[in-house]
Structure formats: structure tokens, C-alpha cells
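Trainee: turn this into a model:
(chains A and B)
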Protein chains: 2
Amino acid sequence: MNKNWIAIDWGTSNFRAFLMDENRCTDSVSAPCGLMQVHDRQFAAALQTLIQPWLDQSPQLPVLMAGMVGSQQGWCEAPYVSLPAGGEQLARHTAEITTPWGSPCRIVPGACCDSTFGLPDVMRGEEVQLIGLAALYPQADHCVILPGTHSKHAELHQGKILRFSTYMTGEIYAVMLGHSLLGRDLPQAVEDDAAFTLGVQNARLAPCLSNALFSARTLRLNGTLTPAQVPGYLSGLLIGAELLQLPAKEAWIVGSPTLNGRYHRAAILSGIQLHPADGNDCFIRGMSQIYQKLNGEQL
Amino acid sequence: MNKNWIAIDWGTSNFRAFLMDENRCTDSVSAPCGLMQVHDRQFAAALQTLIQPWLDQSPQLPVLMAGMVGSQQGWCEAPYVSLPAGGEQLARHTAEITTPWGSPCRIVPGACCDSTFGLPDVMRGEEVQLIGLAALYPQADHCVILPGTHSKHAELHQGKILRFSTYMTGEIYAVMLGHSLLGRDLPQAVEDDAAFTLGVQNARLAPCLSNALFSARTLRLNGTLTPAQVPGYLSGLLIGAELLQLPAKEAWIVGSPTLNGRYHRAAILSGIQLHPADGNDCFIRGMSQIYQKLNGEQL
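Mentor: Prediction:
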């Protein structure tokens, strides 16, 4: 096993790479060079440019990648692995690609399952953070929220991912504000605790989101909300509706400080206890787990 | 009371006028001249142009209008009337305006209430159709669906509107297809019974719409849906979720033939019996009811 290697999270909009010395990150690179910015599928050339300073030191560093780079629209498809699965299953189903400069390179697959509600569900990238979280904070069972455009609620047992459910919280927020009646003629949004709290509370009243969302209009019409408060209210409504479905009263949350803060406030109002974990730490640890499992395969 | 008068439904995008002889419609005009098409708030001039042929015959025909023309952004605000209310309450709260050519003119107010879920809700235009429906098909209690961009479920007792709830079914459908991941790279939609049916069924499985909506992505990824089937599936999912909240197993539906057809199919799958009623008939009868109540006031 090569003790030096590169862990990469390559998504639709962003690229992040970590230079690793065994389990330890010694350097990192972050760039707005998501897969959408790569022209004519020139993924190898794009990657080489981004990590060239490290290759200059060690020309054939092994590379382990995760995220949308392994999707149908990515560099090379690494088909979804069915749950339950842990680091070992993910390692076993990595997709192997060759690089023009000779680095061994693999892509971690996404995961699929039937959600708590019996509908098919998929994730790609988050599975690494989940494996990493379980390794960083070992316990028998984990309930985890990965907030974002497509927020995930996952359940783990003995470090294996059992199942998860996706909530389009971030995307519904963005498209309703940007393109529906709810967002018409709004001034710059302000972080507003009162409006956010009201949103979380009202999510409990209205079981159907297509009804609850309309209250962002009526509460503005009747003067309860100022136009500047509408985004905060909508955020509370969507996060509140999501948290109503969480399968436990205690969960880990792996997200940015801003999002974690919002979920934390909503969780308190919903009687849920959240433990924050750093997204980069979880990713790095998860990739290390998978890289170790690949050890025997001489990545 | 003048036996000849004009009933007008003036909304954001459309204008419809009916020449009335007491309760009977003798002529009608429909034009894509919604309030948004009126420049510099020149409402009187726009209206005069649209109904001039009728004014040529009878220069001071009374005019009764309903719809967004009575909103804050309309010609003259007719503030929402609190429910419960029937034709008499709506007549009593009409807003009076003067027209340069001398026609007496009034605008029917919208209605507001706390929805079944305790959230404030509003309608403007639909209240007339509800009053008309109750007059056309008298019975002690009516449960009514008014499908559309903002679908309404209303409950009536003895011809009075008791309460209603709005579902943003049509608008969520449009913005998610037009602006979210769910609508990306879709060919022209086709009416697809199988996909629609699956959507209605899956709405029952997933209680939270922000979760259920993601299945329009995953079922496409796993090959259950073709891209052309996604719109039909999404429509079934949203209408199915809406119908789960209907407070009765039997209801009237007042909409266009296309929408009524979709709701009818979803209702059968949901064990709900729907009775269709024509939207124009309901509007004309509702306006006649209100015009009669205004009788003593010499509109």
C-alpha cells in the first residue's frame, strides 16, 4: 500500500482534493471546477491540471475519487451499490480507470436503497461521509442528517448504512423563491429568527407541503410577515417539514456551519437533539476507510 | 334593478365578460387581456374598449366584476371577506367604482379564512363559482375542488362557504418541471396513464412531498419511468398528495375538462367520487346571485 495518495470529492459544481499521508491530510485544493465546467469530457486533463503540484513531487500518486464523477454523466459510471453496505462493500465496487500519467485511480460508487417510505432512493458522495462519521464517532447506531440541495436522512448500524431518504429541501426553497409567486418582488433576504421559527411551527400544522407553502403568501398578505421575512419563513417551513420525518429524536448532522445552524434551531423547536460533525473530516476519514479496504488490491 | 348587466371575471392573465339578461347570458367576450396586460393602471380605458360593442347598444349597463381586479394590485381593492359567507355577505362588501362613461360598477371581494390546518388562506374569484355551484346544485353540504395553479378545497353549508384550503399543485408542477433537476433534459411530455397512476399511488406512500418529489428522479434513474413519463408521474404525485387531504369521500369539481379528467382519474384511485360542474356556468350563476342581492342598492 502506498502511504501517500489523493482523496477527491468531485461534484457537479465543485472540486476538492486532499493529499493524504495514510489517514492524515497534509495538503488540500479546492476549486470551482465541477464536472459541468469540464469541456468535451476532458476529465483526465482537468484532473491532471488540478493536482499537478502534487504529481510533480510524486508522479504516480494513487487517486481515489467520490461524488458525481462516478455518475452516468461523470467520467466513468460506478453503479450504485445496494444497501446495507459499509466501507468494504463500497471498496469492492469501486470503478477502475486509467490515467494518462500512470496514477492508479478508482471511483467510489454511490448507494441506492428503498427509502423508509418504500420509494427508490439514491445518493452519491454522501455515502463516504457516512462511513467516515461512523469511524470517527463509533457507536452501535447512527441517525444522520446531511443537509443541502437534496438533504439526506440516513440510518446506520455497526458502521454500515442501512437506508436513507432524500428531501429536496434546498432545491424546493431555491426554485419556489426564484420562480413562483412566493418569491415575487422580494427584497434581499435577511436571516430572521422569528420568521424561521414560525415556519418550523407551521410545518407541524399543515401535513401537506403544497398547502403549507401557500402560507408564505397569505402571511405576507395579512401583514404577519414582511417581504424580507419570506425567505426565512420558507426555510423554516421546509426544514421543519423535513425534521418531522426524522426516524429518531437524536441525530448527527454533517453540513456547512450556516446550514447546521438553521437545522440546529429547527431541531430545538422540534424536540430533536443534533450533534454536529465536520463534513471535510467525515469525507477524509471515509475515504481513508475505503482506501484501507482496497489495500490488498494494490490501488 | 336593471335587467341587463355585465358580469366580468378579470384575472391576472385573462378577461372574460358575459352580457346578462337577468340570470341568462346572451353574449360573451373572452380575451387574453389580463390585469398584467394593462399599462399604467388604465383599467377603465381597457375595460371600455373590451365591452364597447355592448355599451353601443346600452351606454350605461351596470357592471359587476370579480377576480384579481379587486386585489391590491388590481383596479380597486375589495378587501377579503371573512368566512363563513354567502352571496349576501359578498354583495354587502362589494367595492364601488365610478366609470368615465357612467356605468355603475362594483367589484366582488375575495374571501379569507383559517384553513382546515389553522393557517390563513385566501381566494379571489373562486368564491363566486362556489356560490354559483351551491345555487345550481342545492344540497345541505358541498365539498368542492377548484383545481388549478392554486387548487382550492372548499366546504359549504346551506350555500355559505365555511372554509377552504389552498394547494399549490399547478405551480409546484410548473416550477419543478421548468427549473429543478426533475425537469432536466425532458422531451415533450405525453399524457401517460401508467405514469400518472404510479404517481397517485406513490403519493400515498410518502407523507412528505419534498421526499416524494425526489422519486421522479430515482424512478427515471432506475428505468421505471422514461423521461417522457416524468411530467405525468409528477402530476399524479401532486394531485394524489392533494386528494389525500380532501375532507370528504365525495366532492364537486369545477375546472377545465383536461384538469377535471386528471382529477377524476386520481380520485378513482383514491376511492373518491367526483361530480363535475362547468366553471362558466358556476361563475355566471354566482354573479347573478350577487347581482340580485345588490338589487335594493340600485347597482
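
Trainee: list the contacts for the residue nearest to residue A:122 when sequence neighbours are not counted?
Mentor: By the measure of C-beta to C-beta, 6 or more residues apart in numbering or on different chains, the closest residue to residue A:122 outside its immediate chain neighbours is residue A:112, 4.8 Å from it. Where C-beta positions appear, they are placed from N, C-alpha and C, glycine not excepted. Residue A:112 is in contact with A:80, A:81, A:82, A:83, A:120, A:121, A:122, A:123, B:218, B:222, counting by C-beta atoms under 8 Å, 6 or more residues apart in numbering or on different chains.

Trainee: is the residue nearest to the third one when sequence neighbours are not counted in a helix, a strand, or coil?
Mentor: Nearest-residue entry for residue A:82: residue A:112, 5.9 Å, with adjacent residues in sequence omitted and distances by C-beta to C-beta, 6+ apart. Look at residue A:112: counting by DSSP: H, G, I helix; E, B strand; the rest coil, its state is strand.

Trainee: report the separation between residue A:112 and residue A:232.
Mentor: Residue A:112 sits at a distance of 34 Å from residue A:232 (criterion: C-beta to C-beta, to the nearest Å).

Trainee: now residue A:164
Mentor: From residue A:164 over to residue A:232 the distance is 27 Å, taken as C-beta to C-beta.

Trainee: elements contacting the strand or helix carrying residue A:284?
Mentor: When elements are defined using DSSP states H and E, residue A:284 is found to belong to helix A:279-293. Packing partners of helix A:279-293 (3 or more C-beta pairs under 8 Å, 6 or more residues apart in numbering or on different chains; DSSP states H and E): strand A:4-10, strand A:15-21, strand A:63-66, helix A:87-92, helix A:126-136.

Trainee: quick one: closest of these to chain B.
Mentor: For chain B, the closest of the helices and strands packed on helix A:279-293 is helix A:126-136, at 13.4 Å, according to C-beta to the nearest C-beta.

Trainee: give me the contact list for the closest one.
Mentor: So helix A:126-136 is contacted by A:9, A:66, A:81, A:85-87, A:90, A:108-111, A:142, A:144, A:146, A:152, A:154, A:156, A:159, A:161, A:164, A:252, A:254, A:277, A:279, A:281-290 (C-beta under 8 Å, 6+ apart).

Trainee: for the stretch 151-299 of chain A, what lies in contact range of chain B?
Mentor: Taking C-beta under 8 Å from any C-beta of the partner chain as the criterion, the neighbours of chain B within the stretch 151-299 of chain A are A:165-169, A:171-172, A:175-176, A:178-181, A:202, A:205-215, A:217-219, A:221-222, A:224, A:238, A:241-242, A:244-245.

Trainee: looking at those residues, which are in helices?
Mentor: Cross-referencing those with the helices (criterion: DSSP state H) gives A:169, A:171-172, A:175-176, A:178-179, A:202, A:205, A:209-212, A:215, A:217-219, A:221, A:238, A:241-242 as the overlap.

Trainee: give me the buried entries from those residues.
Mentor: Restricting those to buried positions leaves A:169, A:171-172, A:175-176, A:179, A:202, A:209-212, A:215, A:217-219, A:238, A:241-242, with burial counted as 16 or more other C-beta atoms under 10 Å in any protein chain shown.

Trainee: local confidence estimate at residue A:295?
Mentor: Residue A:295 is assigned a pLDDT of 75 by the prediction.

Trainee: which residues touch the residue of chain A most remote from its centre?
Mentor: Relative to the mean C-alpha coordinate of chain A, counting by C-alpha atoms, centre = their mean, the farthest residue is residue A:222 (37.3 Å). Contact criterion C-beta under 8 Å, 6+ apart gives B:112, B:120 as the residues in contact with residue A:222.

Trainee: quick one, phi/psi of the closest residue to residue A:177 other than its chain neighbours?
Mentor: Taking C-beta to C-beta, 6+ apart, and ignoring the residues beside it in sequence, residue A:177 has residue A:183 as its nearest neighbour in space, at 3.9 Å. As for residue A:183, its main-chain torsions (degrees, to the nearest 10) stand at phi -100, psi 0.

Trainee: quick check, residue A:183 in contact with residue A:220.
Mentor: No: counting by C-beta atoms under 8 Å, residue A:183 stays clear of residue A:220, with 10.8 Å between them.

Trainee: please enumerate the shared neighbours of the two.
Mentor: Looking at what touches both residue A:183 and residue A:220 (by C-beta under 8 Å, 6+ apart), the common residues are residue A:230.

Trainee: count of neighbours near the nearest residue to residue A:208 once chain neighbours are set aside?
Mentor: In space, and not counting its chain neighbours, residue A:208 is closest to residue B:245: 5.0 Å by C-beta to C-beta, 6+ apart. By the criterion of other C-beta atoms under 10 Å in any protein chain shown, residue B:245 has 17 neighbours.

Trainee: contacting residues for residue B:245?
Mentor: Contact criterion C-beta under 8 Å, 6+ apart gives A:207, A:208, A:211, B:116, B:153, B:165, B:167 as the residues in contact with residue B:245.
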